[in-house]
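*Asks:* I'll drop the sequence and a predicted model, then ask my questions.
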Amino acid sequence: MLFNSLNYAIFLPVVYLLYWFVFNRNVTLRNLFLLTVSYIFYAFWDWRFVSLIILSSFVDFFIGLGMKNCTDNQQRKRKLLLILSLVFNFGILGFFKYYNFFVDSFIEAFSFFGKDFNFTPLKIILPVGVSFYTFQSLSYTIDIYNKKFEPTTKLINFLAFVCFFPQLVAGPIERAKHMLPQFSEKKVFDYETTRSGLLLIVYGLFKKILIADRIAIFTNGVYKDLDGASGISLVIASLFFAFQLYLDFSAYSDIAIGTARLLGFKLVLNFRRPYFSGSFSEFWTRWHISLSSWFRDYLYFPLGGSRKGYNRTIVNVMIVFLLSGMWHGASWNFVIWGAINGVFIVVLDRIFKLEKQTGFKRTLGSLLVFFCWALSLVFFRAPTFHEAMYVFQNISFAGIDSIYNFGLNSSELKFAFFLIIGMMLFERIIEKKGENMAVRFYASHFLLRWSVYLALVFSIIYFGSYGSFNDNSFIYFQF
């Protein structure tokens, strides 16, 4: 079920009313209700894969209990239980997401030496959100093993934690330490939290439907006809995709966080205005924060982090980014994209000393970070390596007259530029003024507040990008 669909527009109010007025008198009953509606939410995509979430949840729940029951002299058993959790969860990812990729790569490697293999790829459907909920469930067993969290004995709470519908499909990836205790709390309706949640949902829909989906028309049009795209069209598409990806994914996170607030839950922040980062290292503390911190805590630090010398730090950074690229998709393009961003951190940050810049130099550093990021995303967006290289080989400032051949006419293209600039200026104000802008906004006169609410809603309805010209699903659903 998509957040930007009519189904969800009906689903959420029904869930909200039942949650607060029927099922919120008893914590267990409330969590059972959340569990049920979360499975229904996921089943709208494909009911068959609900069983996969249930199986994954049961395995990690009982592994957690098993580690809890181990004595201090049973460290080997605890380690074996953790390995079982790792093998099971990564086995799910490996089969559904990477089986055909690895077999294809194996065959191509041997064909290079003249060996021929006959292989028919399996018709495997990638379960939506599998990369997200397996990482969320895995963090639970890893934290228990490291004695950072006590396992829960309440099965319903844990099942609801793994499949909580606002963040089930594309995050944020929650940690049990932060999220699981919230399922034991008695929820009390709070008007301020509900109001901020609704505003976040509307704001997310504004970014998604009004801006991201509009510029997606152009980027999709260019990538569907690379041979017919002029050099300047490739430049615009590359820049547009950087904004499309950010606005699309941050919109999903906003709607997820806002929906959770309506139900009395707090999700972690997933984006913090990454395009104002002064360095590549800072960028990854602001972009997809829940995933970046997952790799930091469960891979980078265990590898030694930056504690074992500069050369080992470089190796650790590259391992993290190569695997991060692989996490995003079963394609060498994603591996290359991850490697490029690792190189940005270990090379460009060091050469330009970006982390130490202030003032005007920091602004220049932010521009450098953004344009390098946008170029790296060519590998993220292009279906194949050859198409990515075609884009790089043909980028230029020629062919301005042909930019209106990809779904947006002159007025629509200007409107898209205007929306992007307006959004970045708004984020710049937030960056400068601080997060207390929200406090001042809610304390302002009700006419101002309602003018903003109505302007957002009517902009979405009147100016939103609808129809079948482009795919309006969220980009990160594919991961």
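*Replies:* Ah, there it is. Numbers count the residues shown, from 1 in each chain.
*Asks:* Mind checking the pLDDT average for stretch 263-271?
*Replies:* On average, the pLDDT along stretch 263-271 is 94.
*Asks:* So which bits of it are buried?
*Replies:* By neighbour count on 16 or more other Cβ atoms under 10 Å, the buried set for stretch 263-271 is 263-265, 267-268, 270-271. Using the backbone N, CA and C atoms, a C-beta is placed for each residue, glycine as well.
*Asks:* Contacts for that stretch, please.
*Replies:* Contact with stretch 263-271 is made by 16, 19, 34, 164, 166-167, 171-172, 174-175, 178-179, 182, 185, 187-190, 193, 246, 249-250, 253, 256-257, 260, 286-290, as judged by Cβ atoms under 8 Å, 6 or more residues apart in numbering.
*Asks:* Can you select the buried ones among those residues for me in PyMOL?
*Replies:* In PyMOL, this line selects whichever of the contacts of stretch 263-271 come out buried by 16+ other Cβ under 10 Å:
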select buried, resi 19+34+164+166+167+171+172+174+175+179+182+187+193+246+249+250+253+256+257+260+286+287+288+289+290
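*Asks:* Show me the contacts of stretch 263-271 that map onto helices.
*Replies:* Members of the contacts of stretch 263-271 lying in helices (criterion: DSSP state H): 16, 19, 34, 178-179, 193, 246, 249-250, 253, 256-257, 260, 289-290.
*Asks:* and which of those residues is nearest residue 419?
*Replies:* residue 246 (13.1 Å; Cβ to Cβ).
*Asks:* any idea how far the closest one lies from residue 27?
*Replies:* 37 Å (Cβ to Cβ, to the nearest Å).
*Asks:* Next: residue 103.
*Replies:* Counting by Cβ to Cβ, the gap from residue 103 to residue 27 is 47 Å.
*Asks:* who has more neighbours, those two?
*Replies:* A direct count of neighbours by other Cβ atoms under 10 Å for residue 103 and residue 27 places residue 27 higher, at 17 against 14.
*Asks:* How about the contacts made by the more buried one?
*Replies:* Neighbouring residues of residue 27 by Cβ under 8 Å, 6+ apart: 183-186.
*Asks:* Name the helix or strand for residue 308, please.
*Replies:* Here residue 308 sits in a region with no helix or strand, counting by DSSP states H and E.
*Asks:* Got the phi and psi for it?
*Replies:* Residue 308 adopts backbone torsions of phi -120, psi 30, taken as degrees, to the nearest 10.
*Asks:* Kindly report the same for residue 164.
*Replies:* phi -50, psi 120.
*Asks:* Spit out the contact partners of it.
*Replies:* Taking Cβ under 8 Å, 6+ apart as the criterion, residue 164 is in contact with 34, 38, 174, 179, 260, 265.
*Asks:* Could you dump those into CSV with distance to residue 134 added?
*Replies:* Shown next, in CSV, are the contacts of residue 164 (distance: Cβ to Cβ, whole Å):
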residue, distance to residue 134
34, 20
38, 16
174, 13
179, 16
260, 20
265, 21
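*Asks:* Pick the one among those closest to residue 313.
*Replies:* Nearest to residue 313 out of those is residue 174 (Cβ to Cβ; 28.4 Å).
*Asks:* what separates the closest one from residue 253, distance-wise?
*Replies:* Using Cβ to Cβ, residue 174 is found at 12 Å from residue 253.
*Asks:* now residue 42
*Replies:* Using Cβ to Cβ, residue 42 is found at 18 Å from residue 253.
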